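In: sequence? don't have it. structure:
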């Protein structure tokens, strides 16, 4: 047996165990629900939920919800990214401003932004706007902090090199500082996107008329347990896929830029 | 300027050591009463009191002095990165007022752009200067070959050792075809073996390109091995305390470091430097 085969098998074992855990867990739940140990009002059998999934995913209701949530997440992320990047740059460029406002930003990290929804509801009305505002404000924090840290971490030799080569300011920014900061800015953007997603779905739960989060709440309130769980499953699968995709992207960017 | 009384310069030494000739007058770098003052929160610090002197074309000059004495500061002044409080630095008779095309710098810290390949790193200076991609890459390949990095054109800095990264920085500087190369402790972060090896490589490259070099270092052996002249700076506020001409044959191989003459020169430089190092340590309170 060659060592590479042994090594790839060693790497395969955790994956096998992970799949086994999910399958085993689902099997156990299936047994507990089918045998009546768990009431179907608490949890319907997993096979029923998965079966429902096939019905839901191609339906117009689902596609509308998905589209609506996606639009909200992307707008919140875009706004959060722009503001977050600007704040990060300002904190780096103006050390005094950074020193004054950094603690506020850090403490916002732990603040449950969702609790501000009544205020925003009063200010902005029952629309997508309060959702976007809250999701964006959640997204901008890691983006701003990572951007600031990334810019501060750049060794002074690099801009000095730029000056000695007669770079214009613009060239120093775009050809040196921006690419030098990217490997640390990107993880902030990834985290920001995930926060935008969490914020949006959570807010839809309480204040929306469509969207994935709204649909889960809607089925919850109408005791439609199977549909609710099917939607929860869909939301989880989407979140996992997005996370995996973003992590891959991040790793690639870090590899190419570092 | 002091010259060692024990100089036993033979005819062969004189023939192989470059001496400034009449044609060199006005060419090269001239320092004229350069003074540098740093503003700090509590007043200002005079880093350099007065430096005057000249590096004639094609000479290799090392600048040695106690740490914190302003060697790098002087280099920054020549590179146009810092303005002197008084006096001027002139290159070929033109006063330096900012970064120029005929100076190129190599820094102590890694200054490679880690998102770019070796080829694109080396070509970076020409890219900024607006040289078309094809042309700058062709020229970059030649220099990469010269510094012994061929085969690594498409690698990224993370795949290179510290010594190789410094070669990339040297290649980038050489590609600009500067009149004077300003090297700020370029091998300071490397281990002793790599240092010796890359020093020899630098001499080989220098022999082929014949740039003027102003080389800041802490290392007496390195200074003597590489240079035509060693300038010794005093502790802050710095002046040039002495200039020691190095009359060793070129091309030099590392073996020269065990020659008696090399030892004499080392001792001479160390004697001049020792007092200054003690003073510098006293200023910082590191000596009783």
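Out: Thanks, I have the structure now. Since we're looking at a predicted model, the values are computed, not measured. Residues are numbered from 1 along each chain as shown, chains lettered A, B, ... in the order given.
In: switch to C-alpha atoms for all contacts and neighbour counts from now on
Out: Fine.
In: which element is residue A:111 on?
Out: Secondary structure from DSSP states H and E places residue A:111 outside every helix and strand.
In: got a pLDDT number for it?
Out: For residue A:111, the pLDDT comes out at 79.
In: Quick check: phi and psi on it?
Out: Dihedral angles of residue A:111 (phi, psi; degrees, to the nearest 10) stand at phi -80, psi 130.
In: and it, how many neighbours does it have?
Out: With neighbours defined by other C-alpha atoms under 10 Å in any protein chain shown, the count for residue A:111 comes to 12.
In: and the closest residue to chain A within the stretch 51-200 of chain B, how many neighbours?
Out: Of all residues in the stretch 51-200 of chain B, residue B:115 sits closest to chain A, with a separation of 4.0 Å (C-alpha to the nearest C-alpha). The burial metric for residue B:115, expressed as a neighbour count using other C-alpha under 10 Å, is 22.
In: try residue B:267
Out: Residues contacting residue B:267 under the criterion other C-alpha under 10 Å number 13.
In: For residue B:50, what are phi and psi?
Out: Backbone torsions of residue B:50, given as degrees, to the nearest 10, read phi -160, psi 120.
In: ok, the spatially closest residue to residue B:162 that is not a sequence neighbour - how many residues close by?
Out: In space, residue B:162 comes closest to residue B:190 once its chain neighbours are excluded; the distance is 6.6 Å by C-alpha to C-alpha, 6 or more residues apart in numbering or on different chains. The tally of other residues near residue B:190 (other C-alpha under 10 Å) stands at 17.
In: so is residue B:190 in a helix, a strand, or just coil?
Out: Secondary structure of residue B:190, reduced to three states by DSSP: H, G, I helix; E, B strand; the rest coil: coil.
In: Write out the residues of chain A neighbouring chain B.
Out: Residues of chain A lying close to chain B (C-alpha under 8 Å from any C-alpha of the partner chain) are A:157-158, A:161, A:163-167, A:171, A:176, A:179-180, A:256-258.
In: Kindly recompute the last result at 7 Å.
Out: Neighbours of chain B within chain A, by C-alpha under 7 Å from any C-alpha of the partner chain: A:157-158, A:164-167, A:256-258.
In: Of those residues - the most surrounded one?
Out: Within the residues of chain A next to chain B, most neighbours by other C-alpha under 10 Å means residue A:165, with 25 neighbours.
In: Go through the one helix or strand residue B:194 maps to and flag the buried ones.
Out: Counting by DSSP H and E, the element that carries residue B:194 is helix B:192-209. For helix B:192-209, burial by neighbour count (16 or more other C-alpha atoms under 10 Å in any protein chain shown) applies to B:194-196, B:198-206.
In: Could you list every helix and strand in contact with the helix or strand harbouring residue B:52?
Out: Assigned by DSSP H and E, residue B:52 falls within strand B:43-55. Contacting strand B:43-55 under the criterion 3 or more C-alpha pairs under 7 Å, 6 or more residues apart in numbering or on different chains; DSSP states H and E are the following elements: strand B:29-40, strand B:238-245.
In: Of the ones you listed, give the one that comes closest to chain A.
Out: Chain A lies closest to strand B:29-40 among the helices and strands packed on strand B:43-55, at 17.2 Å (C-alpha to the nearest C-alpha).
In: need the residues of the stretch 151-288 of chain B near chain A, please.
Out: Taking C-alpha under 7 Å from any C-alpha as the test, the list of the stretch 151-288 of chain B residues beside chain A is empty.
In: what residue ranges in the stretch 151-288 of chain B score low on pLDDT?
Out: Low-confidence regions of the stretch 151-288 of chain B, defined by pLDDT under 70, span residues B:285-288.
In: Compute the number of surrounding residues for residue B:248.
Out: The local packing count at residue B:248 equals 23, with neighbours defined by other C-alpha under 10 Å.
In: pretty sure it is in a strand, no?
Out: No. If the criterion is three-state DSSP, then residue B:248 is coil and not within a strand.
In: For the stretch 101-250 of chain A, give the residue positioned nearest to chain B.
Out: Closest approach of the stretch 101-250 of chain A to chain B (C-alpha to the nearest C-alpha) occurs at residue A:164, with a separation of 5.3 Å.
In: check contacts around that residue.
Out: With contact taken as C-alpha atoms under 7 Å, 6 or more residues apart in numbering or on different chains, residue A:164 is in contact with B:79, B:81, B:99, B:105.
In: State the distance from it to residue A:232.
Out: Applying C-alpha to C-alpha, to the nearest Å, the value for residue A:164 to residue A:232 is 57 Å.
In: related to what we said a few turns ago, need the per-residue pLDDT for the residue of the stretch 101-250 of chain A closest to chain B.
Out: As predicted, residue A:164 sits at a pLDDT of 93.
In: what's the answer for the one 4 residues further on, then?
Out: What the model reports for residue A:168 is a pLDDT of 92.
In: Residue A:106 now?
Out: On pLDDT, residue A:106 comes in at 86.
In: Test my guess that residue A:145 contacts residue A:88.
Out: Yes. Contact status for residue A:145 versus residue A:88: in contact at 6.0 Å, counting by C-alpha atoms under 7 Å.
In: neighbour count winner among these two?
Out: With neighbours defined as other C-alpha under 10 Å, residue A:145 and residue A:88 compare such that residue A:88 has more, 27 against 23.
In: Which stretches in the stretch 1-150 of chain B count as strands?
Out: With DSSP state E, counting those that start in this stretch as the definition, the stretch 1-150 of chain B shows strands at residue ranges B:29-40, B:43-55, B:60-64, B:86-91, B:94-95, B:103-106.
In: and the residue of the stretch 151-258 of chain A nearest chain B?
Out: Scanning the stretch 151-258 of chain A for proximity to chain B using C-alpha to the nearest C-alpha identifies residue A:257 as nearest, at 4.0 Å.
In: Not including adjacent chain positions, what is the nearest residue to that residue?
Out: Closest residue to residue A:257 in three dimensions, ignoring its sequence neighbours and counting by C-alpha to C-alpha, 6+ apart: residue B:115, at 4.0 Å.
In: Could you tell me how far that neighbour is located from residue B:64?
Out: Taking C-alpha to C-alpha as the criterion, residue B:115 is separated from residue B:64 by 34 Å.
In: Likewise for residue B:244?
Out: Residue B:244 sits 11 Å away from residue B:64, going by C-alpha to C-alpha.
In: likewise residue A:53?
Out: 75 Å.
In: cool, residue B:272 as well?
Out: Note on residue B:272: its distance to residue B:64, by C-alpha to C-alpha, is 10 Å.
In: Give me the more crowded residue out of the two.
Out: Neighbours were tallied for residue B:272 and for residue B:64 using other C-alpha under 10 Å; the higher tally belongs to residue B:64 (25 against 19).
In: Grab the nearest non-local neighbour of the more buried one.
Out: Skipping the residues right next to it in sequence, residue B:64 comes nearest to residue B:232 by C-alpha to C-alpha, 6+ apart, at 5.0 Å.
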